Each structure stands twice: as structure tokens, then as C-alpha cells.
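Colleague: Structure of the sequence below:
(2 chains)
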Amino acid sequence: MASVGNWTITGDDPLAVALRDAARFVDSSTPITLATQPGDIPVDAYGIGPAITSSTVERVVPYYSAFEAIEEVKRVLDAGEAGSVYGCFTSFRIARGCASEDVTMEALLPAISLTLDLLHSPVTRVHARCDSLLASDDAWFVTLRLADETIVTIEALAVLDPAAGLTRDLLVEVTASDQVLRAEPMRQAVVVEPLGAAGASHPWWEDLNERFLKLLVIRSSMPDDNAGSRLRAVWAAVLQSVSDRQPVVIQGSPG
Amino acid sequence: MSEHKRLRVGLIGAGTIAFSAHLPAIRKLRDSLELVAVADIRVENAERAAREFGAESHYTDYRELLAREDLDFVDICTPEFLHAEQVEAAAATGIHIICEKPMASTIAEADRMIAASEAAGIKLMIAHSRRFTGRYRQIRAAIDRGDIGEVRYFRENERRPRSMYDSLGLGTGYWNPEAGRPWLTMAQYSQGAALTNAVHETDLARWFVGQQPVSVYAEARITEPGAEVPDMLTYTIEFANGAIGASEIVNQLPPGYPYFHMTEVIGTGGRIRATDPIMSPFTVADERGIAQPVNFPTLLHVDQAYVEELAAFTRAIRDGEPLPITAQEARGAVELSVAAVISSRRSAPVALPLTQEEVDRG
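Modeller: All right, here's what the predicted structure looks like:
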């Protein structure tokens, strides 16, 4: 564990290292903790990327929000350019054979946090199911109903074939009265098709760490929107819905 | 020229799907089929269809069409809430019937249609056009070849622009029982998108997965101002073997948006993707960016699929070939769609098969 100023950053993965390196450039109120390892923080903070926590406010900045395409979706929605939002379809795929915990924490939770980061209306009803398509508990299907009637469809699946080159895949589609927004930030790929053999896709995307750090700085200066407590409430409802096999109404939400 | 005598066809319901799909298909099959009569309560539509497609007679009352004694089969292209009544009337005359999807508004109506066709000993086929569309036939063929192993997941998201069919320039429009209010927006006539277009997806899910559904959960909403029934929904189906079927249907998108499908089948041994953006036959790039075709007729599935569909029905009548889709299969799609409607109203999962009370009410 290392401490930089009023930041505490745990872990030795590249992101943690990058965060430690960059922390001195971040102006923030105290106390703040950034963590990137499960077990060091509440479980929900891991999947969504680092959470910034202080004694009075909690901010959530989903890691994948740093994709330019996702940032543009958020900008368009926040500006009202898309018109009345009808729904959002978010699909997060990882490789076949991943452990069920990975599906939950590395696909489902990022998908939920990313989606909630785009849509601000309170979540009123949550339905979730966890299924075994190709392996045990390798598929999540979550439906959210928002106070403004928006319907959110989220799937998190361990279905990708690593041999085909794609190990992660994110799709966000927002349908609205004036625009339809479709972001596939992990889909940029070179496709290689050898003669007489199966082709392979070689995706890449720019290093998100730098963009994510910039996003953290920007978000840190924005008013707190209780995104952390909202995410936790939805996450708890997801787990309860799977357990009860029934939708869960989030108390305190209008509607 | 065909060796066979041409089958004589009467068409009921000269609206959008008739003008865009069924009538052109009958004309293309002119060696096998002869359109002899058309009925529509809108006399201008009935007259226009007869004139443009060469029928000798037109009527405003479908019963007058059925009173003819020279028809081999009737092609019913009316809204689903009329299907049971019209199928019963046609079956009573002893002629065969092809009927647009969805089979009916309710399961009870579908059961009436099956009973009427069985009692009359006639063939009843529901026109689930996607089973004859190249995209879905290719998918089914890949599944049948074992290319992806056992099917574990099927998803099709379908998105439509507002006034989708206006782009075809047919000038027919939907039947408006009240000025400016198409029938499919009114609760008196429609259960909404779960039936009117999601029945495509509920049928495909059953067709591809090949198992009995055991539960469905759906959320639905109204997006069109003034509409009384949901035009958007999302649902998840669980099948008996644990496979999942899922769809998100959105119908009121901006006019420039294309008729869009994202279709995917995942099996134990691979996956099949058939998504419009990667299948588009045409794009335009200019200073405004990249655009794909808004609505080619072929993208609307209104071309060859209906020819294949009618040709298969013709062979079933003329040569005794089995119907490519049975009435019971079409009933199964209606049951799934109705279950989605019930689920969205209750905000709760619904078990399948539906109870008798749900069948009677739904």
C-alpha cells in the first residue's frame, strides 16, 4: 500500500500504479481513498473502477466512462440533444469460461454503473436473473425501470471466444425520440483472415488510464449527485431480485 | 407455363402489408396463383388493389368475397383482432387459409382458429415471414448443421422508425377507426408491440431454441403520444433446458433511423451474429458523415420472403407438402407474446404454459 498526500491507493496493477503516479496532480478534499483491489473496499467499488470516497460525499466514476464514445453519449444525453429517452440497452461480454465472480464483477457491475452514469432518473424497479448458459452462473439479465419510464436492458455474459480475438466487448445503445446513440468502444479491431483458415479479430483501444484520470479530475469538481448511494441501492436490488426471483421496488423512489 | 392449374386466391385486408408484400408476391407467383378478388372495408383500397394487381372483383365486405365458390384459398391480411372471426368464416366455406401474423389477439382466439380449421379439414398457415427470410433461414441452417452446437441464447433487438412504411410510398397507411388514431395504438383493438411485431421474435426464439418456454419477464411502456398500448418492450424468456431468449423492441424512433435488427444466437460451440450495421448493402459518406440506407424494401423483409412463404403454402395445397409452420407453432408464439403482456402488466415473471384463466383473459 502506498500513500500519496491525502490519497491512499492500494494494489500493484497498472492502473493502481498509474493512479499513484498521477495522484499528486489531483486536487481534492479530504479524506479521499482510491482503491483498485477487491477486499480493500466494498465489493461494488472494484467492478466499477476506483471510487472516490470522502467523509461527506461519495462519487462514482465508472472506468469505462472514459471511452470517448461513452463520453459522447453522456454529453449528448446531458445536453438533451437526444430528446425523450425511451430505453438503454447495455451489453458487456467477456470470455467464455470466466469464473462466475468475474462475470459479476467485471461485466455486470461495470455495465450497471456505466449505464447509471448515463441516465439520471431514479431507478424504481429492478428485475435480475442469473443463468448458466455455457458454464455455471455465466449470464446476467437485468431490467431497470426508471422514474421517467425509461426501460434499461442490461446483459452481462461470458460468451466470447478468446480464439477469435475478442475478450471484452461493450455495447451501449440509447434509443430516444430524436436520436439513437450506439457506442461500441471495444469494437475497433483489425480482422485477419488467413487463406483457408478461420479469421481472427485483433481489437485494441487507447490506454484508458490517462483518460480516466482526467475524467476523475473533471468529475471531482462537479456537484455530488449521490451516484454512489444510487448504485449501491440498485446493486442490492439486483442481488435481492435474483434471490427472490421477483422484481424489487426500490423504496423511496418516486413511482 | 406451369403444368398445374393455377390456384385462385381471394385477399382480405388491402392495407400496408398487402400492398407491400402479399399482393406483389401473388403477382410474382402468377404461374401458380391467380388473384381473383380483394376485400377491404375501405373501398378505395379494395378497388386500387384489384386494379393494380389484376383481380376481377373487389368488395367492402369480406363475407361477399367468401361467398364466391371459385376460391382455392384466402389470404387474410387484416389486423389480428379480426383473424378469428374471418378464419372461422373462411373455414366454414371449406377453402384453405393463409393468415398474417400474429395469429390472433388472444390465445382463446387462436384456439378458435385451430378448431375451425381442423373441423373443416382445411390447411391453416400463419404468415410468419421471417421463417422465409434469407437472414433467418441462414441462421436456422447453421443451427441445423450443428455449426454452433446446442443453442443456449437467442437475442434479437428490433428497432423501427416512426411511420416506417411511409418510406415505401405505398400511400395505404394503417386502418384508422378514429381520425388520426391507427388501430394498433388503440387498446380496443391491440395489445401493443408484444403482439404486433414482437411476435416475430417470440416465434424465432422458439424456432431457434427448439424448447418449450417456461417463464417470461417483460417491461413495457408507451412512447407514442396518445397511444393506449405499449409500443416498446423488453423481455427475457427462460426455456425448459435453461436456454434464454431475449428482445428489446422499440418502434417510435426518428424518421431517419433504419429498420434495424441485432440478431445473435449463441451455442455451446460458437455464435451467429446477424446485425444490420455489419450487413448493410449500402452506405453513403459525405460531409455529414456516414449514412446507411433508411429503408430498402429488401431490408423491410417484404420482398422474396413473402414469395417463398406463399410458394410453400401453394405446394402444401397442391402437392400435399407439409406446412412449413403449423398453427400450433404460431399459437405458441402468440402465447409467449401474451405472456409478455401479462408480465409487463403485473410487473412480475409469468410461468408458461399459461393457466386457463390467463388464456381466457389474455
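Colleague: Helix, strand, or coil at the residue sitting furthest away from the middle of chain A?
Modeller: Residue farthest from the centre of chain A, counting by CA atoms, centre = their mean, is residue A:196 at 38.8 Å. What DSSP: H, G, I helix; E, B strand; the rest coil gives for residue A:196 is coil.
Colleague: what sits against it?
Modeller: Counting by CB atoms under 8 Å, 6 or more residues apart in numbering or on different chains, residue A:196 touches no other residue. Heads up, the C-betas are built off the backbone N, CA and C, glycines and all.
Colleague: wait, what's in contact with the nearest residue to residue A:214 once chain neighbours are set aside?
Modeller: Spatially, and ignoring its direct neighbours in sequence, residue A:214 is nearest to residue A:66 (7.8 Å; CB to CB, 6 or more residues apart in numbering or on different chains). By CB under 8 Å, 6+ apart, residue A:66 lies in contact with A:208, A:211, A:212, A:214, A:215.
Colleague: swap the cut-off to 10 Å and go again
Modeller: The neighbours of residue A:66, taking CB atoms under 10 Å, 6 or more residues apart in numbering or on different chains as the test, are A:49, A:185, A:206-216.
Colleague: Dump those into CSV; add distance to residue B:225 and pLDDT as well.
Modeller: Shown next, in CSV, are those (distance: CB to CB, whole Å; pLDDT from 0 to 100):
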residue, distance to residue B:225, pLDDT
A:49, 39, 46
A:185, 34, 90
A:206, 42, 76
A:207, 45, 77
A:208, 40, 82
A:209, 45, 78
A:210, 45, 80
A:211, 39, 85
A:212, 40, 83
A:213, 44, 79
A:214, 41, 82
A:215, 37, 85
A:216, 41, 78
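Colleague: Would you reformat these as JSON lines and include secondary structure?
Modeller: Converted to JSON lines, the contacts of residue A:66 look like this (three-state DSSP):
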{"residue": "A:49", "secondary structure": "coil"}
{"residue": "A:185", "secondary structure": "coil"}
{"residue": "A:206", "secondary structure": "coil"}
{"residue": "A:207", "secondary structure": "coil"}
{"residue": "A:208", "secondary structure": "helix"}
{"residue": "A:209", "secondary structure": "helix"}
{"residue": "A:210", "secondary structure": "helix"}
{"residue": "A:211", "secondary structure": "helix"}
{"residue": "A:212", "secondary structure": "helix"}
{"residue": "A:213", "secondary structure": "helix"}
{"residue": "A:214", "secondary structure": "helix"}
{"residue": "A:215", "secondary structure": "helix"}
{"residue": "A:216", "secondary structure": "helix"}
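Colleague: Let me know the closest of these to residue A:125.
Modeller: Here the nearest of those to residue A:125, counting by CB to CB, is residue A:49; it sits at 26.2 Å.
Colleague: buried sites along the helix or strand residue A:219 falls within?
Modeller: For residue A:219, the host element (DSSP states H and E) is helix A:208-220. Going by neighbour count (16 or more other CB atoms under 10 Å in any protein chain shown), the buried part of helix A:208-220 is A:208, A:209, A:211, A:212, A:213, A:215, A:216, A:219, A:220.
Colleague: Widest-spaced pair of the residues you listed?
Modeller: Farthest pair in those, by CB to CB: A:208 and A:220, 17.6 Å.
Colleague: What segments of the chain are helices?
Modeller: Looking at chain A here, since you left the chain open. For chain A, applying DSSP state H gives helices covering A:14-22, A:43-47, A:68-78, A:100-102, A:109-118, A:208-220, A:227-244.
Colleague: My question was about chain B, not that one.
Modeller: Listed in chain order, the helices of chain B (DSSP H) span B:16-17, B:23-28, B:43-53, B:62-66, B:83-92, B:107-120, B:134-145, B:193-196, B:198-209, B:276-279, B:304-319, B:327-346, B:356-361.
Colleague: hey, least reliable of those helices by pLDDT?
Modeller: Ranked by mean pLDDT, the helices of chain B bottom out at helix B:276-279, which scores a mean of 61.
Colleague: Report the residue spans of the stretch 151-300 of chain B with pLDDT below the cut-off.
Modeller: B:163-169, B:277-283, B:290-300 (pLDDT under 70).
Colleague: go with 80
Modeller: For the stretch 151-300 of chain B, residues meeting the criterion pLDDT under 80 lie at B:163-174, B:179-180, B:256-259, B:275-300.
Colleague: One more: the stretch 51-200 of chain A?
Modeller: Looking at the stretch 51-200 of chain A by pLDDT under 80, you get A:51-60, A:164-166, A:188-189, A:191, A:193, A:197-200.
Colleague: Mind doing that once more with 50?
Modeller: Applying pLDDT under 50 to the stretch 51-200 of chain A flags the ranges A:51-57.
Colleague: of all the residues in the stretch 151-255 of chain A, which ones are close to chain B?
Modeller: Residues of the stretch 151-255 of chain A lying near chain B by CB under 10 Å from any CB of the partner chain: A:151-155, A:157, A:159-161, A:164, A:171, A:173, A:175-180, A:182, A:184, A:187, A:241, A:245-247, A:249.
Colleague: Of the residues you listed, just the buried ones, ChimeraX syntax please.
Modeller: Restricted to buried positions by 16+ other CB under 10 Å, the ChimeraX selection for these reads:
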select /A:151,152,153,154,155,157,159,160,161,164,171,173,175,176,177,179,180,241,247
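Colleague: The helices of chain A into a markdown table, with extra columns for distance to residue B:135?
Modeller: Shown next, in a markdown table, are the helices of chain A (distance: least, CB to CB, whole Å):
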| stretch | distance to residue B:135 |
| --- | --- |
| helix A:14-22 | 41 |
| helix A:43-47 | 36 |
| helix A:68-78 | 27 |
| helix A:100-102 | 33 |
| helix A:109-118 | 27 |
| helix A:208-220 | 35 |
| helix A:227-244 | 34 |
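Colleague: Please identify the deepest-packed of the ones you listed.
Modeller: For the helices of chain A, average neighbour numbers computed from mean count of other CB atoms under 10 Å in any protein chain shown are highest in helix A:109-118, which has a mean of 25.
Colleague: angle of that helix against helix A:227-244?
Modeller: Orientation check (axes from the mean of the first three to the mean of the last three CA atoms, to 10 degrees): helix A:109-118 against helix A:227-244 gives 130 degrees.
Colleague: Now do the contacts for residue A:180.
Modeller: Residue A:180 neighbours (CB under 10 Å, 6+ apart): A:82, A:86, A:173-174, B:159, B:161, B:250, B:253-254, B:256-258, B:260.
Colleague: and with 7 Å instead?
Modeller: Contact analysis of residue A:180 by CB atoms under 7 Å, 6 or more residues apart in numbering or on different chains lists A:173, B:159, B:253, B:257.
Colleague: and what of residue A:211?
Modeller: By CB under 7 Å, 6+ apart, the contact list for residue A:211 reads residue A:66.
Colleague: okay, how far is it across stretch B:186-193, tip to tip?
Modeller: 12 Å (CA to CA, to the nearest Å).
Colleague: Name the nearest residue to residue A:143, ignoring sequence neighbours.
Modeller: Distance criterion CB to CB, 6+ apart; nearest residue to residue A:143, sequence neighbours excluded, is residue A:127 at 4.5 Å.
Colleague: quick revisit: mark which of the residues of the stretch 151-255 of chain A next to chain B are part of strands, please.
Modeller: A:151-155, A:157, A:159-160, A:171, A:173, A:175-176, A:180, A:182, A:249 (DSSP state E).
Colleague: which bits of the stretch 101-250 of chain B sit near chain A?
Modeller: B:152-153, B:157, B:159, B:217, B:219, B:221, B:223, B:232, B:234, B:236, B:242, B:244, B:246, B:248, B:250 (CB under 7 Å from any CB of the partner chain).
Colleague: Farthest pair within the ones in strands among the residues of the stretch 151-255 of chain A next to chain B?
Modeller: Farthest pair in those, by CB to CB: A:160 and A:249, 33.9 Å.
Colleague: how many other residues sit next to residue B:44?
Modeller: 11 (other CB atoms under 10 Å in any protein chain shown).
Colleague: Also residue A:207?
Modeller: 12.
Colleague: With residue B:108 instead?
Modeller: Residues lying near residue B:108 (other CB under 10 Å) number 15.
Colleague: what's around residue B:157, how many residues?
Modeller: Residue B:157: 24 neighbours (other CB under 10 Å).
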